[in-house]
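# Build the 3D model from these lines:
(one chain, ligands or ions: 2)
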Amino acid sequence: MKTYSGDLIGTNLHFAIVLSRFNNFIGDRLLEGALDTLHRHGVAEDSVELARVPGAFEIPVVAQELAKTGKYDAVICLGAVIRGATAHFDYVAGPLASSLASIGVTTGVPILFGVLTTDTIEQAVERAGTKAGNKGADVALAAIETANVLKLIRG
Ligand SMILES: Nc1c(NC[C@H](O)[C@H](O)[C@H](O)CO)[nH]c(=O)[nH]c1=O
Ligand SMILES: CC(=O)[C@@H](O)COP(=O)(O)O
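Residues are numbered from 1 along each chain as shown. Ligands and ions are numbered 1, 2, ... in the order given. I've put the predicted structure just below:
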């Protein structure tokens, strides 16, 4: 049975990262994890470009524009949406995932969802390089694999 399976070699791949500044004490750790993973898998320093946005709510519009350039094999979105005292969390986190998924399907460019959506700061810290790993590193690896499987399919 013919199977398309992307490897984890990032040589010759190009990525854009969209990073929200909100909760940047977490976001910066996710960025570190993503960059470390990309470069350790062969992605060149000058093959990664970064766009910073104020908050997670602004990620989709920027991710879409980056994807539409056709310059990137994938767009990695990073940030941390941490629940507060109001329903605002639901209005930020809720549409974010569906918006990013839609951009990926519409543009044909993988949009990786590396935005933490947590109830507590502790949960975010655990997923930004401590006992629950680093979500930025996780999605960077997923970006390499997805980019490579698409290259196989598209020939
Ligand atoms: N509360 C968080 C936000 N809120 C800000 C929004 O993302 C947006 O920038 C604002 O509503 C203006 O449009 N953003 C995060 O990334 N994380 C949060 O926890
Ligand atoms: C995710 C948010 O928007 C949230 O952190 C904002 O906090 P609050 O609900 O207390 O205004």
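# any idea how far A87 is from V139?
27 Å (Cβ to Cβ, to the nearest Å). Any C-beta I mention is one placed from the backbone N, CA and C, and that applies to glycine too.
# between those two, which one's more packed in?
With neighbours defined as other Cβ atoms under 10 Å, V139 and A87 compare such that V139 has more, 24 against 10.
# Pull up the residues of the protein that are close to ligand 2.
Within the chain, the positions near ligand 2 by Cβ under 6 Å from any ligand atom are V81, I82, R83, G84, A85, T86, H88, F89, V92.
# Among those residues, which lie within strands?
Counting by DSSP state E, the residues of the chain next to ligand 2 place V81, I82 in strands.
# Of the residues of the chain next to ligand 2, just the buried ones, ChimeraX syntax please.
This is the ChimeraX syntax for the buried subset of the residues of the chain next to ligand 2, where burial follows 16 or more other Cβ atoms under 10 Å:
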select :81,82,83,89,92
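# could I get the residues of the chain next to ligand 2 as TSV with pLDDT?
Converted to TSV, those look like this (pLDDT from 0 to 100):
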residue	pLDDT
V81	98
I82	98
R83	98
G84	97
A85	97
T86	97
H88	96
F89	97
V92	95
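# can I assume L13 sits in a helix?
No: using DSSP: H, G, I helix; E, B strand; the rest coil, the assignment for L13 is coil, not a helix.
# Isn't it up against D73?
Yes: between L13 and D73 there is a contact at 4.6 Å, judged by Cβ atoms under 8 Å.
# list the contacts for the residue of the chain found nearest ligand 2?
Nearest residue of the chain to ligand 2, counting by Cβ to the nearest ligand atom: G84, 2.1 Å away. Residues near G84 by Cβ atoms under 8 Å, 6 or more residues apart in numbering: none.
# what about it, distance to ligand 1?
G84 is 6 Å from ligand 1, where distance means Cβ to the nearest ligand atom, to the nearest Å.
# Look up how far E65 lies from that residue.
29 Å.
# Also K151?
Noted for K151: a distance of 23 Å to E65, by Cβ to Cβ.
# One more: A142?
A142 is 22 Å from E65, where distance means Cβ to Cβ.
# quick one, which of these two is more surrounded?
Per other Cβ under 10 Å, whichever of A142 and E65 has more neighbours is A142, with 19 against 15.
# part of a strand, is R52?
Yes: applying three-state DSSP, one finds R52 inside a strand.
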